[in-house]
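A.B. asks: Okay, structure incoming, though there's no sequence with it:
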């Protein structure tokens with residue numbers, strides 16, 4: 001359980017710790033226009049890897065997938081720690097993302113080893129390991145940058161040590177059933193010959209291209225550019241072809257067993273899990289930027305880092321609390337999803353003058369959605385018909401979660417950027433002109449707001465402290481109006497989730513003390529329970 005929890009913390013921290021300080025990293029070893037690929041490389045490799053790890057480890061055994069994944073993450077952290085430029089950091093994050101596919105496959109690793117009645121508590125144990133790498137990630141990352149001599153590279157030094165330790169723990173203590181125990185009358189050659197290579201290619205190509213396209217849109221390229229349109233269309237077509245192939249290909253070992261999609265209880269649970277994640281990503285994207293723009297004025301960098309921890313800490317708090325209530329999960333999901341959605345929408349009332357109220361609403365919204373997260377992530381491992389497919393089912397659920405949450409995150413980002421393009425010109429220039437700033441200096445002022453450096457402010461002709469204060473306030477109000485629209489837009493996704501929550505399954509009758517898999521003891525050989 002140490003290996004599962006610690007590697008989960010490493011998988012989350014592989015990008016979660018670096019994300020808050022990417023701007024500082026870019027200033028140190030950049031600047032590079034491809035900075036967004038640091039996040040994109042982790043997202044793409046992780047999203048594809050979750051499904052592949054789940055299915056392949058169901059077929060061939062889990063041991064070396066977990067050992068190899070943690071070893072790969074260790075190598076990725078070494079590459080990132082010594083990266084002399086952004087392309088090298090992208091290469092490191094690519095390896096980290098591939099390794100994280102096994103590190104974040106905690107749900108079925110726990111689900112196999114723990115009786116169903118204790119799976120909720122076991123999941124909470126795993127989530128507890130993400131407290132430093134997710135809950136306090138902004139503060140820890142800022143501390144490395146501003147309070148240590150090693151700077152941002154210290155993040156990856158820490159992860160190297162943790163990943164190396166978990167790799168050793170997996171190697172020495174995790175000995176699940178071997179291939180021959182799982183399939184006593186088969187040979188690996190049979191599975192290799194019958195494996196769904198075409199489906200794997202279509203899925204990998206489709207998911208990577210589609211997620212790449214929607215991540216590019218409005219960021220690296222305009223939405224109507226050939227880059228975005230081509231990748232989205234080809235990616236979507238590949239995913240459609242994948243489902244058609246899985247349904248009608250008459251496959252002996254499909255990547256996606258289609259009978260899983262006929263399990264409506266599991267489908268609803270996965271959808272609720274993904275929609276909850278979409279809310280989480282809304283907070284993860286919006287709250288740190290709100291803190292930086294609306295509330296950090298007059299405070300130090302570390303203050304902003306600690307306050308930015310509120311959303312992630314709320315998620316983890318909810319995940320931990322929810323683990324202690326395992327009965328009538330269907331009723332719990334209805335209640336917590338609704339309450340979390342209400343507090344998220346209530347964030348639309350936030351203004352530059354309400355930092356405390358905003359922080360409380362964010363924490364409560366995150367906590368109730370975290371509660372939803374642990375319920376659905378655990379139920380998804382319980383409500384499947386055949387526990388021997390727990391890896392496949394959970395891997396598919398993880399990829400679906402990434403797919404849906406990425407789409408929702410893109411919607412939030414597009415709404416925010418479009419609103420800012422309207423609210424900033426509508427509020428900032430009139431306020432500056434009324435305060436006495438020359439019209440010719442407005443562009444330089446807005447640029448200085450973005451850069452925030454003394455040199456940028458000194459380049460604004462006609463600026464004095466009173467004009468600067470008026471302009472900053474107008475900029476904050478413009479951002480506040482834009483954030484309000486985004487939080488109101490979450491009602492659409494939350495509404496879908498609330499409706500789906502009424503169809504959440506009741507699994508009380510499935511909570512028993514049966515253990516799906518027992519680890520092999522010393523000298524046990526090929527005996528043991530599978």
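C.D. replies: Alright, I've got the coordinates. Remember, it's a predicted structure, so these values are computed and weren't measured experimentally. Numbers count the residues shown, from 1 in each chain.

A.B. asks: Which positions within the one helix or strand residue 14 maps to qualify as buried?
C.D. replies: Per DSSP states H and E: residue 14 is located in helix 2-16. Residues 3-16 are the ones in helix 2-16 that count as buried (16 or more other Cβ atoms under 10 Å). Where C-beta positions appear, they are placed from N, C-alpha and C, glycine not excepted.

A.B. asks: would TSV of those with distance to residue 475 be doable?
C.D. replies: Listed next are those as TSV, based on distance: Cβ to Cβ, whole Å:
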residue	distance to residue 475
3	48
4	46
5	43
6	43
7	42
8	39
9	37
10	38
11	37
12	33
13	33
14	34
15	29
16	28
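
A.B. asks: which of those sit farthest apart?
C.D. replies: The largest separation in the buried residues of helix 2-16, counting by Cβ to Cβ, is between 3 and 15 at 20.5 Å.

A.B. asks: Let me know the pLDDT of the nearest residue to residue 222 once chain neighbours are set aside.
C.D. replies: With sequence-adjacent residues excluded and distances taken as Cβ to Cβ, 6 or more residues apart in numbering, residue 222 is closest to residue 228, at 7.2 Å. Note on residue 228: pLDDT of 90.

A.B. asks: Check the gap between residue 159 and residue 426 for me.
C.D. replies: 44 Å (Cβ to Cβ, to the nearest Å).

A.B. asks: who has more neighbours, these two?
C.D. replies: The neighbour comparison of residue 159 against residue 426 (other Cβ atoms under 10 Å) goes to residue 159, with 26 against 12.

A.B. asks: what about the more buried one, which SS state?
C.D. replies: helix (DSSP: H, G, I helix; E, B strand; the rest coil).

A.B. asks: show me what contacts it?
C.D. replies: With contacts defined as Cβ atoms under 8 Å, 6 or more residues apart in numbering, residue 159 is in contact with 10, 13-14, 17, 73, 77.

A.B. asks: As a markdown table, those with distance to residue 95 and pLDDT would be great.
C.D. replies: Shown next, in a markdown table, are the contacts of residue 159 (distance: Cβ to Cβ, whole Å; pLDDT from 0 to 100):
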| residue | distance to residue 95 | pLDDT |
| --- | --- | --- |
| 10 | 13 | 93 |
| 13 | 15 | 90 |
| 14 | 9 | 89 |
| 17 | 16 | 90 |
| 73 | 7 | 95 |
| 77 | 8 | 96 |
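
A.B. asks: How about residue 333, nearest residue that isn't a chain neighbour?
C.D. replies: Leaving aside its chain neighbours, residue 333 sits nearest to residue 504 (4.4 Å; criterion: Cβ to Cβ, 6+ apart).

A.B. asks: part of a strand, is the one you found?
C.D. replies: No - going by three-state DSSP, the assignment for residue 504 is coil, not a strand.

A.B. asks: Any idea how many residues pack against it?
C.D. replies: Close neighbours of residue 504, defined as other Cβ under 10 Å, add up to 24.

A.B. asks: So it sits against residue 269, correct?
C.D. replies: Yes - counting by Cβ atoms under 8 Å, residue 269 is a contact partner of residue 504 at 6.8 Å.

A.B. asks: looking at this protein, which helix or strand does the model trust least?
C.D. replies: Ranking every helix and strand in the chain by mean pLDDT, DSSP states H and E puts helix 179-182 at the bottom, with a mean of 74.

A.B. asks: Give the other helices and strands that that helix contacts.
C.D. replies: Helices and strands touching helix 179-182, by 3 or more Cβ pairs under 8 Å, 6 or more residues apart in numbering; DSSP states H and E: there are none.

A.B. asks: Going by neighbour count, which residues in that helix are buried?
C.D. replies: With the criterion 16+ other Cβ under 10 Å, helix 179-182 contains buried residues 181-182.

A.B. asks: my guess is residue 53 meets residue 395, correct?
C.D. replies: Yes - with contact defined as Cβ under 8 Å, residue 53 counts as touching residue 395 (5.9 Å).

A.B. asks: Quick check: neighbours shared by the two?
C.D. replies: Common neighbours of residue 53 and residue 395 (Cβ under 8 Å, 6+ apart) are residue 105.

A.B. asks: And the furthest pair within the contacts of residue 159?
C.D. replies: Maximum distance among the contacts of residue 159 (Cβ to Cβ): 12.8 Å, for 17 and 73.

A.B. asks: domains of the chain?
C.D. replies: The chain is divided into the following domains under the TED database: 1-196+251-422+480-502, 197-250, 423-479.

A.B. asks: how many other residues sit next to residue 80?
C.D. replies: By other Cβ under 10 Å, the residues close to residue 80 number 28.

A.B. asks: so what does the helix or strand where it lies touch, helix or strand wise?
C.D. replies: In the assignment (DSSP H and E), residue 80 maps to helix 63-81. Contact here means 3+ Cβ pairs under 8 Å, 6+ apart; on that basis helix 63-81 packs against helix 2-16, helix 36-60, helix 86-103, helix 153-173.

A.B. asks: could you check the angle helix 2-16 makes with the second one?
C.D. replies: Per axes from the mean of the first three to the mean of the last three Cα atoms, to 10 degrees, the angle that helix 36-60 makes with helix 2-16 is 150 degrees.

A.B. asks: mind listing what's buried in helix 36-60?
C.D. replies: 37-60.

A.B. asks: Figure out which of the helices and strands packed on helix 63-81 is closest to residue 211.
C.D. replies: Closest approach to residue 211 among the helices and strands packed on helix 63-81 is made by helix 36-60 (5.9 Å; Cβ to Cβ).

A.B. asks: helices or strands up against that closest one?
C.D. replies: Here helix 36-60 touches helix 2-16, helix 22-29, helix 63-81, helix 86-103, helix 188-194, helix 197-216, helix 390-435, going by 3+ Cβ pairs under 8 Å, 6+ apart.

A.B. asks: Now with 6 Å, please.
C.D. replies: Helices and strands touching helix 36-60, by 3 or more Cβ pairs under 6 Å, 6 or more residues apart in numbering; DSSP states H and E, are helix 86-103, helix 197-216, helix 390-435.
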